[in-house]
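Peer 1: Dropping a prediction and its sequence here:
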Amino acid sequence: MKDLKNRVRELLGDGSVNAVIGYEAGSDGRTARPAFIRTPQEVDRMILDETCTDNLAVYLVKPEVMAMGKLGIVAT
């Protein structure tokens, strides 16, 4: 996870992507929910564990997500 977070920070920091779609802890603390990470400072919200089951690719076709520009996506 540390390597993933470092890579996301690098991609956001150098402008390679405008946002990364990943996972963060849900409000109940037992599930994961999609996270739209836009700055290197937000990367620490990211998680990647057995609760990360949603298909994040569905967000790639949403107009509001497409408007973000270049995207990265966490795939499991």
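Peer 2: Here it is on my side, so go on.
Peer 1: Where do the helices of the chain begin and end?
Peer 2: 2-13, 63-66 (DSSP state H).
Peer 1: need the strands for the protein, in chain order.
Peer 2: Per DSSP state E, the chain carries strands over the ranges 19-25, 32-37, 46-47, 71-73.
Peer 1: from those, which stretch is densest packed?
Peer 2: Burial of the strands of the chain is given as mean neighbour count (mean count of other Cβ atoms under 10 Å); strand 19-25 ranks first at a mean of 21. Quick note: C-beta positions are derived from backbone N, CA and C, even for glycine.
Peer 1: could you check the angle helix 2-13 makes with that strand?
Peer 2: When axes from the mean of the first three to the mean of the last three Cα atoms, to 10 degrees is applied, the directions of strand 19-25 and helix 2-13 differ by 140 degrees.
Peer 1: Taking strand 32-37 as reference, get the angle to strand 19-25.
Peer 2: 150 degrees.
Peer 1: Contacts made by strand 19-25 with the rest, please.
Peer 2: 8, 11-12, 31-38, 45-48, 51-52, 54, 56, 59-60, 65, 68-69, 71-74 (Cβ atoms under 8 Å, 6 or more residues apart in numbering).
Peer 1: Would you mind writing the CA trace of it as CSV?
Peer 2: The C-alpha trace of strand 19-25 is given here as CSV (Å, rounded to 0.1, in the frame of the first residue of the first chain):
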residue,chain,number,x,y,z
ALA,A,19,-7.3,12.7,-10.1
VAL,A,20,-7.1,9.1,-9.1
ILE,A,21,-10.2,6.9,-8.4
GLY,A,22,-9.6,4.6,-5.5
TYR,A,23,-11.1,3.5,-2.3
GLU,A,24,-11.4,5.0,1.2
ALA,A,25,-13.0,3.7,4.4
